[in-house]
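Trainee: could you work out the structure for the sequence below:
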Amino acid sequence: MTELKERAAATAERTLTLGKALNEGLRRAMEDDPKVLIMGEDVGKLGGVFRITDGLQKDFGEERVIDTPLAESGIVGTAIGLALRGYRPVVEIQFDGFVFPAADQIITQLAKMRMRSLGAVSLPVVVRIPCGGGIGAVEHHSESPENYFTHTAGLRVVSCSNPQDAYTMIQQSIASDDPVIFFEPKRRYWEKAQVETDPSGWLPLHSARVVQPGEHVTVLAYGPSVKTCLEAASAAAEEGRSLEVIDLRSLNPLDIDTVVTSVNRTGRCVVVHEAPVFSGYGAELAA
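Mentor: The predicted model follows:
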């Protein structure tokens, strides 16, 4: 009876911030699989700059939640070696602009090994990257580098926009045998919503979601821009305009069927992203 009560409590809806939802998702993945490790700068005793890994080292120990040196290339390189030995490392890049020292390991090693082996070698590495602006930070702390990785064959690239997807998608990414670049909108970390922990209703990792049905125009967004688009849809409704907002969720692979179905129906499309416009992800969507 006690076990049934605990399971019912675990599957109940809870109100969580996006950051706490990530924390709970990581915790659940570590409970379910002893091969899941967390690595990064200050992820252990401090719990991460944004406290996403708060309490995990205390509960799972220093061998599974590892405070690394300040060396992103070493962090990702070590994770690749661990993945080849059967572990599922989750590495945190402390800020978006800090990922570039690890670009060689991500692009020329992580993205290539599974492809070159035709799937015989698994590379279950998740690279968590807080992305975007909105927190008053300086250069190297407010970037949107997703296009570098969507351009790279062999990587799955996803971006959560709300607590539910944060909780769901981090676990699905960890379960993937392919490497996943996982973008987190840092200015949304403190926003709250209901989170359903029962996996029976979860969307697949690479499915887009229509978050606001509409009739007059399709608005495509992901990550930090989704809430902005929902606010715009509310404002437009007061003027008699009906906006359909789609949260892409996955950037590579892209759920093009959901996008095309919506645009065929509305006849218009607006693309919104927080990133450089020239050669940006929006250009791919527009094309």
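
Trainee: may I have the residues that are in contact with the closest residue to Thr258 other than its chain neighbours?
Mentor: Nearest non-adjacent residue to Thr258, counting by Cβ to Cβ, 6 or more residues apart in numbering: Ala208, 4.2 Å away. Heads up, the C-betas are built off the backbone N, CA and C, glycines and all. Shown in contact with Ala208 (Cβ atoms under 8 Å, 6 or more residues apart in numbering): Ile246, Asp247, Leu248, Arg249, Ser250, Leu254, Asp255, Thr258, Val259.

Trainee: what about 7 Å?
Mentor: Residues near Ala208 by Cβ atoms under 7 Å, 6 or more residues apart in numbering: Ile246, Asp247, Leu248, Arg249, Asp255, Thr258, Val259.

Trainee: dump these into CSV; add pLDDT as well.
Mentor: CSV is the format used below for the contacts of Ala208 (pLDDT from 0 to 100):
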residue, pLDDT
Ile246, 98
Asp247, 98
Leu248, 98
Arg249, 98
Asp255, 98
Thr258, 98
Val259, 97
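
Trainee: just the residues you listed: which are in strands?
Mentor: Ile246, Asp247 (DSSP state E).

Trainee: from the contacts of Ala208, pick the one nearest Glu143.
Mentor: Of all the contacts of Ala208, Leu248 has the smallest distance to Glu143: 19.1 Å, by Cβ to Cβ.

Trainee: pLDDT of stretch 167-181, averaged?
Mentor: Averaged across stretch 167-181, pLDDT comes to 98.

Trainee: now do stretch 88-98
Mentor: Stretch 88-98 shows a mean pLDDT of 96.

Trainee: what's next to it, contact-wise?
Mentor: Counting by Cβ under 7 Å, 6+ apart, 26, 33, 35-41, 43, 48-49, 53, 72, 75-76, 79, 82-83, 99, 124-131, 139-141, 143-145, 174 sit against stretch 88-98.

Trainee: pull out the buried members of the residues you listed.
Mentor: Buried members of the contacts of stretch 88-98, counted by 16 or more other Cβ atoms under 10 Å: 26, 35-41, 43, 48-49, 53, 72, 75-76, 79, 82-83, 99, 124-131, 141, 143-145, 174.

Trainee: tell me which of the contacts of stretch 88-98 fall in helices.
Mentor: Using DSSP state H to define helices, the subset of the contacts of stretch 88-98 located there is Leu26, Glu72, Ile75, Val76, Ala79, Leu82, Ala83, Ile174.

Trainee: out of the contacts of Ala208, which one sits closest to Ser161?
Mentor: Asp247 (5.4 Å).

Trainee: now for that closest one, how many residues are close by?
Mentor: 27 (other Cβ atoms under 10 Å).

Trainee: surely it touches Ala221?
Mentor: Yes - between Asp247 and Ala221 there is a contact at 6.4 Å, judged by Cβ atoms under 7 Å.

Trainee: those helices in the stretch 151-287 of the chain, which residues are they?
Mentor: 163-175, 225-237, 256-266, 281-286 (DSSP state H, counting those that start in this stretch).

Trainee: these two touch, right, Tyr87 and Lys35?
Mentor: Yes - Tyr87 is within contact range of Lys35, at 4.9 Å (criterion: Cβ under 7 Å).
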